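1. okay, predicted coordinates and the sequence, questions at the end:
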Amino acid sequence: MRINFRTFNSRFARRLFSFLFLAITLPVLVLASITLLQVSDQLTAQHRDQLHKDAKHIGMSLFDRLQRVVGDMQLAVLHPELTVTASGATWFRPAFDSDGSSLNPLWLEPEVPAPWMLRESLQALPVAQSDGVWVRMLQRSGEPSIVMVVVRSRGETLVARVSQDYLWGAEQLAENQLICIIDAKSAPLFCNQSSGQVSLQALAARGLEGASGYFTWRDAGRDMRSVYWEVFLRGLGMSDNWTVVLSEPQHSFFAPSGRFGFSMAVIILISMLAALMFSIRHIRRVLRPLDMLRRATARVGDGRLDKPVVVNSGDEFEELADSFNGMMGKLALQFHQLEALADIDRLILSAMDPDLVVSQVAERIRQLLGSELLVIVAEQHAEQQLIIGVADSPVEVAVIDPEGFNQAIEQLKQQSEMLVPQRPAWLSCSSFAQDVSSWTLVPLQARNAKGLVVLGNRQSCSVAALHLPAALQSIRRISIALTRAHWQAELYQQAHYDELTGLPNRSALKIKLTEALARSSQDGTRVAVMFIDLDRFKLINDALGHAAGDEYLRQIAARIRQCAPPSDLVARLGGDEFTVAMSDIPGTADVSVMVEGVINRLLEVVPQPVLIGLHELRSTLSIGVAVFPDDGKSLDDLMKQADTAMYQSKRRGGNGHHFFVKDMHVAAQQRMELESDMRHALETDGFELYYQPQMSAETGAMIGAEVLLRWQHPTRGNISPGIFIPIAEESMLIAEIDRWVLDAACRQIRIWLDEGLNPVPLSINISAAHFQQPTFVGRVRNSLADYQLGPQRIELEITEGALISDLSYALQSLQGLHDEGVKLAIDDFGTGYCSLGYLKDMPIDKLKIDQSFIRDVDRSGRDAAIVEVILQLSRRLGLECVAEGVETEAERLWLHENGCDAYQGYLFHRPMALSDFRVLLIRHASDLELTD
């Protein structure tokens with residue numbers, strides 16, 4: 001049969017051919033593979049058995065030859081009168097002295113053996129009177145093995161040297177087999193080929209397992225199969241047995257398997273050719289009607305639905321062609337409908353006005369369905385009703401009975417649509433009712449809108465019912481159009497307006513400011529941006545909750561909108577941040593005057609009290625101003641500069657405004673860099689502890705030391721704490737720095753203790769941010785436990801501001817620390833806002849008088865009076881009092897006369913590095929020893 005390869009141009013033909021070909025040939029290939037494997041396994045097993053038989057035969061032949069030599073020798077000794085011929089051996093008879101110590105051999109053969117053979121053959125034999133048979137293997141380096149047989153009977157001794165050719169029977173061995181004889185220690189006794197050593201090495205690596213076994217190895221690129229069989233020689237007088245190792249190349253016994261495999265390959269090839277011919281014939285028969293259907297499908301894809309498919313095969317392909325022709329007829333009708341619906345969908349998704357889109361969608365659907373009239377009645381809100389009527393000519397529609405309209409909606413909740421022959425009584429639609437034969441009512445499924453779509457059909461109810469599915473599918477587009485119109489309005493509101501205040505949000509601000517900046521660049525006008533932040537708004541949220549905070553923000557937003565001119569843009573950026581933007585300011589106008597007019601109104605109106613529930617709330621403003629193009633050439637620059645100016649106002653106490661200047665940007669950049677460098681210093685232990693001693697007023701001895709933080713910046717050098725500590729407090733890094741200082745101080749105390757020093761207690765400053773954390777007390781406890789320190793080793797200094805922010809929490813935390821045994825001190829006493837009424841309830845141990853009172857205590861009556869009151873208060877409360885910043889002898893004398901307990905200041909010691917303070921600790925310890 002001639003093969004037409006054009007058949008394989010079809011992917012289906014190739015796939016079907018592959019399937020049929022595999023279905024026929026795969027079982028043959030599997031069967032052939034299994035057969036080859038089984039034949040190979042059978043041949044391998046047969047060859048292994050044959051090798052075992054050959055090895056056993058060689059071993060038994062060796063045993064028989066040795067047994068024959070021993071038998072001949074025993075016969076010659078027992079019957080000297082007989083003439084016995086030595087087979088395969090050379091005999092000689094040694095003679096012993098009376099003590100059996102010397103030999104006088106009598107030769108039976110002319111060949112004279114070497115003396116060492118006789119000596120080693122008889123060495124270690126039993127006493128001369130013992131009878132028996134002994135076989136000895138003699139071997140010298142570089143010489144073949146020699147087998148010696150000794151027979152002793154009735155006082156006579158006969159020794160024989162067994163012939164190598166006779167013993168091993170080399171001439172009887174097969175040339176294609178490798179045979180070796182080894183002793184019990186795997187030492188080779190005989191090999192018929194030089195490559196026998198390789199097999200013995202493979203056997204030695206594997207080890208003998210039992211009296212016989214099987215193993216494989218390689219020799220010069222050949223795969224070898226070997227067996228070994230142990231020859232039992234102890235019955236012939238040997239102390240150990242020998243082992244026969246027989247090897248043969250693998251290819252010698254796989255040759256039949258190869259011939260069988262070739263035959264199988266020929267059979268498989270013939271089978272595959274037969275499968276090829278069968279598959280091609282079947283594919284050509286099946287492919288012809290399929291090709292006709294494929295071509296028809298391609299025509300459908302091109303939109304040509306006028307040419308039917310003609311197949312006369314009398315089978316399922318003919319039925320498929322008939323079904324295909326029917327489908328094309330329906331598709332021709334549906335394509336027209338789909339094109340119309342696609343136009344409607346594109347119209348719904350267009351950027352046109354949503355109400356106009358709904359009207360045009362209604363008109364397109366009426367034309368598609370061939371209806372005389374289409375009416376949409378929808379209630380979008382409680383007081384808003386949408387009524388649209390479309391027809392070939394202008395039409396007026398109205399709902400004349402709202403109650404009937406609502407009843408119709410309730411009735412349609414029970415069913416998805418309704419066909420009626422008469423116009424609904426609640427609907428008025430001019431004169432078009434006379435051309436309508438039936439009415440279809442379909443409920444709307446639009447979001448936030450309930451209503452109906454009413455179709456005036458030219459057909460009767462029965463005919464209109466046939467077209468009802470298409471009508472329902474089309475009417476759904478009206479619901480989608482109404483829903484999308486609602487979503488567009490809602491999404492725009494959500495995306496561009498703040499939900500809480502109703503003001504434009506950050507996104508809307510950027511859009512409108514971008515437009516304003518573009519106009520300003522073209523017209524030469526200017527734009528002023530005011531950033532507004534409420535001062536201390538967080539206190540309102542924390543004290544009254546977010547609900548009260550939200551209500552306060554709503555009222556503040558209304559006041560800001562009221563203060564700004566209607567043409568100005570007012571937006572809420574988020575939180576308590578607002579923005580007022582003045583655009584289109586003439587280039588000749590004084591911007592500062594215009595801006596300050598708005599700012600003055602804001603600073604006057606916004607801080608006025610706001611009543612939220614029973615609380616009267618007030619908040620001042622911090623305002624920053626930046627002007628385009630003076631302060632920034634882009635929107636981002638302008639926003640950033642206004643923000644920088646606002647923070648400058650906030651840093652100066654708030655309740656004011658600042659215009660941006662370039663120095664502010666440089667300062668803000670430096671603060672940002674310092675904050676980043678501080679984080680890096682925390683991660684790399686870049687900070688350093690300094691220590692300032694505290695001296696007893698009574699003894700003059702050191703009784704403690706305050707831990708102070710220093711920072712040696714890698715590029716900026718030593719940075720004052722007065723610079724980086726405020727930045728750390730603003731960025732909330734201060735709590736992390738506190739934790740680092742606490743851990744470093746405890747670690748250093750442990751180092752001193754391990755060195756044998758007894759350090760004075762260290763006073764550690766605790767910030768408000770760290771103290772107010774719920775985990776603070778536990779962290780102090782853990783730090784002491786981690787370094788195995790007693791609580792008397794440290795003292796915590798806390799400012800009044802940290803205590804007054806939450807008195808109940810402060811009392812609870814201080815009590816927890818006091819219960820642990822940690823001493824507590826109020827730092828900078830007299831500069832904060834602490835109420836003396838709460839001071840009596842706090843479990844503190846010490847008051848530290850701020851240096852601002854000490855500096856002029858001997859010259860200022862006011863400072864002296866304040867310090868006297870603090871000293872008297874501390875004595876009455878039983879608290880220790882420490883004066884900070886003592887720098888002159890006059891200050892010390894005044895403090896001593898007024899009962900101050902301890903001093904700290906430059907008069908005694910400046911803050912010192914670790915190495916210097918360690919020297920001071922050692923000297924302090926020596927002074928204590930001398931005092932004791």
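-> In hand now; what should we look at?

2. domains of this protein?
-> Domain segmentation of the chain under automatic domain parsing yields 350-493, 497-660, 689-931.

3. can you lay out those domains as a markdown table showing distance to K185?
-> Every C-beta, even on glycine, is put in place using the N, C-alpha and C of the backbone. Putting the domains of the chain into a markdown table (distance: least, Cβ to Cβ, whole Å) gives the following:
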| stretch | distance to K185 |
| --- | --- |
| domain 350-493 | 95 |
| domain 497-660 | 92 |
| domain 689-931 | 65 |
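
4. which residue is nearest the centroid of the chain?
-> Centroid-nearest residue in the chain: E683, 24.0 Å away (criterion: Cα atoms, centre = their mean).

5. give me every residue that touches that one.
-> For E683, the contact set (Cβ atoms under 8 Å, 6 or more residues apart in numbering) is empty.

6. look up which helix or strand L513 falls in, please.
-> helix 506-523 (DSSP states H and E).

7. what do you get for A32?
-> Going by DSSP H and E, A32 is in helix 11-78.

8. let me see the mean pLDDT of that helix.
-> Averaged over helix 11-78, pLDDT sits at 78.

9. again, but for stretch 745-760
-> Mean pLDDT, computed over stretch 745-760, is 94.

10. correct me if wrong, but S371 is in a strand.
-> No: secondary structure of S371 (DSSP: H, G, I helix; E, B strand; the rest coil): coil, not part of a strand.

11. isn't it up against G456?
-> Yes: at 5.8 Å, S371 counts as touching G456 under the criterion of Cβ atoms under 8 Å.

12. how near is Q473 to G326?
-> From Q473 over to G326 the distance is 21 Å, taken as Cβ to Cβ, to the nearest Å.

13. so which strand or helix has the closest residue to M530 other than its chain neighbours?
-> Nearest non-adjacent residue to M530, counting by Cβ to Cβ, 6 or more residues apart in numbering: V580, 4.4 Å away. Taking DSSP H and E as the definition, V580 sits inside strand 577-585.

14. quick check: buried residues in that strand?
-> Neighbour-count burial for strand 577-585 flags 577-583, 585 (criterion: 16 or more other Cβ atoms under 10 Å).

15. of those residues, which is the nearest to M530?
-> For the buried residues of strand 577-585, the minimum distance to M530 (Cβ to Cβ) is 4.4 Å, reached by V580.

16. next up, the contacts around that closest one.
-> 529-530, 532, 560, 564, 568-570, 598, 602.

17. got CSV for the residues you listed, with secondary structure and pLDDT too?
-> Below are the contacts of V580 laid out as CSV (DSSP: H, G, I helix; E, B strand; the rest coil; pLDDT from 0 to 100):
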residue, secondary structure, pLDDT
V529, strand, 92
M530, strand, 92
I532, strand, 92
I560, helix, 91
A564, coil, 90
D568, coil, 90
L569, strand, 90
V570, strand, 92
V598, helix, 90
L602, helix, 91
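
18. top of those residues by neighbour count?
-> Comparing the contacts of V580 by number of neighbours (other Cβ atoms under 10 Å), V529 comes first, having 30 neighbours.

19. what strand or helix carries the closest residue to it other than its chain neighbours?
-> Spatially, and ignoring its direct neighbours in sequence, V529 is nearest to A642 (4.7 Å; Cβ to Cβ, 6+ apart). In this structure, A642 sits in helix 635-651 according to DSSP H and E.

20. what sits up against that helix?
-> Contacts of helix 635-651 (Cβ under 8 Å, 6+ apart): 510, 513-514, 517, 527, 529-533, 535, 579, 622-626, 628, 631-632, 656-661, 664-665, 668.
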